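Enquirer: Got a predicted model here, sequence first, then my questions.
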Amino acid sequence: MRAGNTRTDSAHNRYHIAPQELIKAQREGRQQGLDIVGFYHSHPDHPAQWSPTDFAEAHWFGCSYVITSVDGDKQTGAAKITNSFLLTGTSEEDKAFANQTVEVA
């Protein structure tokens, strides 16, 4: 499900999903027997690797954080590489990102 970016500071290289949108996604998913299993975003002109900001703002343990590198402007640029990282741990003190294999089926 696509979500809007509510960041007003550095929206070109930071993202934030409004809590209301997350709740709506959870409700719609539950009605269909689905769960939120991850989040995705792009990194224009940067590697498909999590940043310190991505890590600091990741709080959904057990979810995948998928990042695609994009050459040029994210509206007109070409997607290059996609990587996925599983947020492990049980608290802010022991959280970590673990690399995940991306398979296209």
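Expert: Looks like it came in fine. Numbers count the residues shown, from 1 in each chain.
Enquirer: quick one: the longest helix along the chain to chain centroid distance?
Expert: Determined from DSSP state H, the single longest helix within the chain is helix 19-31. Remark: helix 19-31 is offset 16 Å from the chain centroid, using CA atoms, centre = their mean, to the nearest Å.
Enquirer: Now it: buried residues?
Expert: For helix 19-31, a neighbour-count test (16 or more other CB atoms under 10 Å) marks Ala25 as buried. Every C-beta, even on glycine, is put in place using the N, C-alpha and C of the backbone.
Enquirer: Only C-alpha atoms, please: export that helix in CSV.
Expert: Extracted as CSV, the C-alpha positions of helix 19-31 are listed here (Å, rounded to 0.1, in the frame of the first residue of the first chain):
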residue,chain,number,x,y,z
PRO,A,19,0.2,7.3,12.3
GLN,A,20,-3.4,7.6,10.9
GLU,A,21,-2.2,6.1,7.6
LEU,A,22,-0.5,3.2,9.4
ILE,A,23,-3.7,2.5,11.5
LYS,A,24,-5.8,2.6,8.3
ALA,A,25,-3.4,0.2,6.6
GLN,A,26,-3.5,-2.2,9.6
ARG,A,27,-7.3,-2.1,9.7
GLU,A,28,-7.7,-2.7,5.9
GLY,A,29,-5.1,-5.5,6.1
ARG,A,30,-6.8,-7.2,9.0
GLN,A,31,-10.1,-7.1,7.2
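Enquirer: Which parts of the protein are strands?
Expert: Applying DSSP state E to the chain gives strands spanning 38-44, 64-71, 78-88, 96-100.
Enquirer: can you list those strands in a markdown table and add distance to Gly4?
Expert: A markdown table is the format used below for these (distance: least, CB to CB, whole Å):
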| stretch | distance to Gly4 |
| --- | --- |
| strand 38-44 | 12 |
| strand 64-71 | 18 |
| strand 78-88 | 20 |
| strand 96-100 | 24 |
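Enquirer: Make TSV out of those and add distance to Gln32, mean neighbour count and mean pLDDT.
Expert: Compiled in TSV, the strands of the chain are given as follows (distance: least, CB to CB, whole Å; neighbours: other CB atoms under 10 Å; pLDDT from 0 to 100):
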stretch	distance to Gln32	mean neighbour count	mean pLDDT
strand 38-44	17	17	90
strand 64-71	19	18	93
strand 78-88	23	15	93
strand 96-100	24	13	98
